[in-house]
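>>> Structure for this input, please:
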Amino acid sequence: MQAPKFSKESFRLSGRPGLRGLTFFINEKKWLFLALLIGLIAYRLPTPEGLTPEGHIVLTVTLVAVIVFITEPVPLPSVALMIMVAQITLLKINSTEVAQSLMSDSVFFIMGSLMLAVAIIKQRLDKRIAWLIVRMTGTKTTNIALGITLVSGLMASVIGEHTVAAMMLPVALTLISLVSKDRQKVKGLAAVLLFSIAYGCSIAGIATPSGGARNAIMIGYWREFFYDPTNPETFKYLVSYVKWAAFAYPLFLIQVPFVTLILLRVFKPEQKHIARAVVRLREQVEEQGAMKARDWIAIAGFFGTLLGWIFLSDQWGLGTIAIMGAIFFLVVGLVQWSDVNSGVNWGVVLLYGAAISLGMQMKDTGAAQWVADSFLKGLALVGVETGIGLWAAVSLLTTFATNTMSNGAAVAVLGPITLNIADMAGENSLRMGFITAISSAFAYLTVVGTPAATIVYASGYLKPGDFLKAGVRMVILSTILLLFAARFYWPLLGL
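Residues are numbered from 1 along each chain as shown. Reported below is the predicted structural model:
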């Protein structure tokens, strides 16, 4: 007789699960139980010297949230709900106040950007983009890889990396499949082209506020922590779209050729030219015919939103502009609400809102200041509590965090801490914020480090070990360039 099989579905649907079903559940949720146990122990410990009781609670909640972020024993949006409940029950904050803290311009921006992403993907411009790239680069593999990195980056700097990765994956797969259907014959080529997308998106996500949620979160922290409308000296903390780009865009552009050099050295593509694939691609594009009116309207809507971010974000906020762009696509009929509703992960919006809310509590309760003080004391033991040594330590801390959780969550958790570190060490808070936000893009080491990495991995051409081989080199390169910019370039901009 065949033994019964248990699954998540059978356990959830069974009114009276047996012992094996219960064992399955406990094993599946072991990290949740462990996180709660660690949280209970931390909660019951005496409050450390210099830390307020409320700060102790906030750090306990943060510790539990980080463990669950990393291990994912439950859907991540449920972590957001746990954070909200913890603020109400443990910190005794009014539920209305907690609800209000979930909505800010940063969260509006994340929500609007996700809606825009769905609208843009629906236009199906992937083969035209591929043809545009090869027309610019020619048929040489090196140049095509460089072109994919640059185009992916240029788009990811304004519409978010998950959107770009989803758009560009068919571009790369089209070129790869036109070269050969046998995956063993295009392993190196596939790795180079697919990582060109992932790394192009990652290095460009730092370039502008619209490049990723992490950037909007840091801009929100600067505004909440330092801006005082009655004090003109604090106006510098109202970082505009153009100001952010001035500090970060050159870092993206400098890294583009290095990405291609690293990938070609690590993976060595089998084909130096893919002329036959390009011929087939041209034939497929010609079959699609000329650009249609809706294509041009979509492009106009996208550039209109970009111009709004550049010229109107100071007045209306980045989030409002993003939502206005999404409204445009809905009103003109380029996307339906059913598409947006099914295509947007609303749980991500809730997750970022709760993470930002928890970050604000870290500041208000003094928890961030206590952690910052402890971190600086540790660095002082090795003599790197100021200057470039401190910048490198913060960058490496953020790099570690962003390779184990989403970059937005990493900045939401670490932002209040690193900004307090800057204040206590006598460092510029704008510089430290930029270092934190930019370092959160260095998630090159794991499949789950960034949405773009996960998307290209889903193609089936890559192995987890491939990310580590190329990723270590990318982390070293990006960290060196970031520290160089902080030391020599940013001072030229008044930082």
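
>>> Now do the helices in the stretch 51-200 of the chain.
Taking DSSP state H, counting those that start in this stretch, the helices of the stretch 51-200 of the chain run over residues 53-71, 76-89, 95-101, 105-121, 126-137, 141-159, 161-179, 187-204.

>>> Where is the longest helix in this structure?
Ranked by residue count, the top helix of the chain under DSSP state H comes out as helix 241-267.

>>> Residues contacting the helix or strand just after it, please?
Following the chain from helix 241-267 toward its C-terminal end, the next helix or strand by DSSP states H and E is helix 275-288. Contacts made with helix 275-288 from outside it, assessed by CB atoms under 8 Å, 6 or more residues apart in numbering, are listed as 127, 128, 130, 131, 134, 139, 174, 175, 178, 179. (Each C-beta comes from the backbone N, C-alpha and C, glycine too.)

>>> about what we covered before: quick one: buried residues of the longest helix of the chain?
By 16 or more other CB atoms under 10 Å, the buried positions in helix 241-267 come out as 241, 243-245, 247-249, 251-252, 255-256, 258-260, 262-264, 266-267.

>>> Could you do stretch 47-66 as well?
Applying a neighbour-count criterion of 16+ other CB under 10 Å, one finds 51, 54-62, 64-66 buried in stretch 47-66.

>>> can I get the CA coordinates of it in PDB?
The C-alpha trace of stretch 47-66 is given here as PDB (Å, rounded to 0.1, in the frame of the first residue of the first chain):
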ATOM      1  CA  THR A  47      17.500  46.800  28.400                       C
ATOM      2  CA  PRO A  48      21.100  47.600  27.500                       C
ATOM      3  CA  GLU A  49      22.600  50.800  29.000                       C
ATOM      4  CA  GLY A  50      21.900  53.900  27.000                       C
ATOM      5  CA  LEU A  51      18.900  52.300  25.200                       C
ATOM      6  CA  THR A  52      15.400  53.300  26.000                       C
ATOM      7  CA  PRO A  53      12.800  50.500  26.700                       C
ATOM      8  CA  GLU A  54      10.900  51.600  23.600                       C
ATOM      9  CA  GLY A  55      14.100  51.400  21.600                       C
ATOM     10  CA  HIS A  56      14.700  47.900  23.000                       C
ATOM     11  CA  ILE A  57      11.300  46.800  21.700                       C
ATOM     12  CA  VAL A  58      12.000  48.300  18.300                       C
ATOM     13  CA  LEU A  59      15.300  46.500  17.900                       C
ATOM     14  CA  THR A  60      13.700  43.300  19.000                       C
ATOM     15  CA  VAL A  61      11.000  43.700  16.400                       C
ATOM     16  CA  THR A  62      13.600  44.600  13.800                       C
ATOM     17  CA  LEU A  63      15.700  41.500  14.700                       C
ATOM     18  CA  VAL A  64      12.700  39.200  14.200                       C
ATOM     19  CA  ALA A  65      11.700  41.000  11.000                       C
ATOM     20  CA  VAL A  66      15.200  40.600   9.500                       C
END
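
>>> So what touches it?
Outside of stretch 47-66, the residues that reach it under the criterion CB under 8 Å, 6+ apart are 35-36, 38-39, 42-43, 79, 82-83, 86-87, 90-91, 355, 358, 361-362, 365-367, 370-371, 373, 405, 413.

>>> ok, now with 6 Å
By CB atoms under 6 Å, 6 or more residues apart in numbering, the surrounding residues in contact with stretch 47-66 are 35, 39, 42-43, 79, 83, 86, 90-91, 361-362, 365-367, 370.

>>> Closest to residue 102 out of the residues you listed?
Compare each of the contacts of stretch 47-66 with residue 102 using CB to CB and the shortest gap goes to residue 83, at 9.7 Å.

>>> Need the nearest residue in space to the closest one, chain neighbours excluded.
Beyond its immediate neighbours in the sequence, the residue positioned closest to residue 83 (CB to CB, 6 or more residues apart in numbering) is residue 354, lying 4.3 Å away.

>>> Neighbours of the one you found, how many?
For residue 354, the tally of surrounding residues (other CB atoms under 10 Å) stands at 26.

>>> What of residue 291?
Each residue near residue 291 was counted by other CB under 10 Å, and the total is 11.

>>> How about the backbone phi and psi for it?
Here is the backbone geometry of residue 291 (degrees, to the nearest 10): phi -60, psi 140.

>>> picking up where we left off before, which of the contacts of stretch 47-66 lies closest to residue 163?
Ranking those by separation from residue 163, with CB to CB as the measure, puts residue 79 on top at 23.8 Å.

>>> Was I right to think the closest one contacts residue 71?
No - with contacts defined as CB atoms under 6 Å, residue 79 does not count as touching residue 71, sitting 10.7 Å away.

>>> which of these two has more neighbours?
For the pair residue 79 and residue 71, the greater number of neighbours falls to residue 79 (26 against 14), based on other CB under 10 Å.

>>> where does that one land on pLDDT?
Per-residue confidence at residue 79 stands at 85 (pLDDT).

>>> repeat for the one 3 residues further on
If you check residue 82, the pLDDT there is 90.

>>> tally of neighbours for it?
Based on other CB under 10 Å, the number of other residues close to residue 82 is 19.

>>> Chain neighbours aside, what residue packs nearest to it?
If you skip the residues right next to it in sequence, residue 82 has residue 65 as its closest partner in space, 7.2 Å away by CB to CB, 6+ apart.

>>> Appreciated, that's everything.
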